[in-house]
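# 3D model of this:
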Amino acid sequence: MQLLKRELLRHWRCRQDLINPLIFFVITVSLFPLALEPQGQLLARIGNGIIWVAALLAAMLSLESMYRDDYLDGTLELLLLQSGSPYQVVFAKIISHWLTSGLPLVLMSPLLAVMMQMESESAIALILTLLIGTPVLSLIGSVGMGLTVGLRQGGVLLSLLVLPLYIPILIFGAGAVSRASMGMDYSGQLALMGAFLVGSLSLVPFASVAAIKVSIR
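As a prediction, the model looks like this:
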């Protein structure tokens, strides 16, 4: 709990790292109704994909704040050595990252769904998929950030490592919303996303610790 409080306080002190991904998310989605013809059916049909892609890119934009600052001042190595359990350190960082970057995207999604003229059933499916999918984005991003945290210009490499692993979540998340818009059952997509979440929770902390140790060495 103390580690989580520390991480949340650290994120709060660097509020620009919290605000920038959210602003990027809102602006990216808001530009599409301006660029396309203002037809409700068209926006409702493609809105789920637009919001999900924007959320994915916003999540990638916020990954730098997970380990970078603590690595540069040596705090990360000290925490891993003195905490007694490096997995608790990594898990606290992942949870705090989702609370400060993923959860705001989920809370903002209903407003953007209204902007894209999505129906209520589609908006509910969008919220559910983002609620399940954004923690997976933070978990997978933790491994990629751990591998590239020691590189001076690791942003491009981070994108190349993480983006292919994000694609299944994007497909199932957007697919579930599409099925909801057609009045079809989307519980299968939610179940698969839930399986991704459970699997990531089980494996990612160990992979993240190993990745960070490689970067520190």
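# where does this protein have low pLDDT?
Residues of the chain meeting the criterion pLDDT under 70: 1, 11, 37-40, 83, 153-154, 217.
# mind listing the helices for it?
Along the chain, counting by DSSP state H, helices occupy 2-13, 15-35, 40-61, 64-72, 75-82, 86-97, 103-115, 120-148, 155-181, 187-216.
# tell me the angle of the first one relative to helix 64-72?
Looking back up the chat, that one is helix 2-13. Orientation check (axes from the mean of the first three to the mean of the last three C-alpha atoms, to 10 degrees): helix 2-13 against helix 64-72 gives 110 degrees.
# just the CA trace of helix 2-13, in CSV.
Below are the C-alpha coordinates for helix 2-13, written out as CSV (Å, rounded to 0.1, in the frame of the first residue of the first chain):
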residue,chain,number,x,y,z
GLN,A,2,2.9,2.4,0.8
LEU,A,3,4.4,1.7,-2.6
LEU,A,4,1.1,2.5,-4.3
LYS,A,5,0.6,5.7,-2.4
ARG,A,6,4.2,6.7,-3.4
GLU,A,7,3.5,6.1,-7.0
LEU,A,8,0.2,8.0,-7.0
LEU,A,9,1.9,10.9,-5.3
ARG,A,10,4.7,10.8,-7.9
HIS,A,11,2.3,10.9,-10.7
TRP,A,12,0.3,13.7,-9.1
ARG,A,13,3.5,15.8,-8.8
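# and that helix, what's buried?
Within helix 2-13, the residues that count as buried by 16 or more other C-beta atoms under 10 Å are 3, 6-7, 10-11. In this view, the C-beta of every residue, glycine as well, is placed from N, C-alpha and C.
# could you do the longest one as well?
Buried residues in helix 187-216, counted by 16+ other C-beta under 10 Å: 189-190, 192-193, 196-197, 200, 204-205, 207-209, 211-212, 215.
# ok, back up a step: how about the buried residues of helix 2-13 in JSON lines, adding distance to residue 29?
Below are those laid out as JSON lines (distance: C-beta to C-beta, whole Å):
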{"residue": "3", "distance to residue 29": "33"}
{"residue": "6", "distance to residue 29": "33"}
{"residue": "7", "distance to residue 29": "28"}
{"residue": "10", "distance to residue 29": "28"}
{"residue": "11", "distance to residue 29": "23"}
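# centre of the chain to stretch 140-156, how far?
Relative to its chain's centre, stretch 140-156 lies at 15 Å (C-alpha atoms, centre = their mean, to the nearest Å).
# can you get me a residue count around residue 68?
The burial count assigned to residue 68 is 16, neighbours taken as other C-beta atoms under 10 Å.
# quick one: it from residue 32, how far?
31 Å (C-beta to C-beta, to the nearest Å).
# thought residue 136 was touching residue 194?
No - using C-beta atoms under 8 Å, residue 136 is not in contact with residue 194; the gap is 9.6 Å.
# pull out the buried residues from stretch 155-165.
With burial defined by 16+ other C-beta under 10 Å, the residues of stretch 155-165 counted as buried are 158-159, 161-162, 165.
# any chance of these in TSV, plus distance to residue 49?
Listed next are these as TSV, based on distance: C-beta to C-beta, whole Å:
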residue	distance to residue 49
158	23
159	19
161	23
162	19
165	19
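# list the contacts for residue 180?
121-122, 124-125, 186 (C-beta atoms under 8 Å, 6 or more residues apart in numbering).
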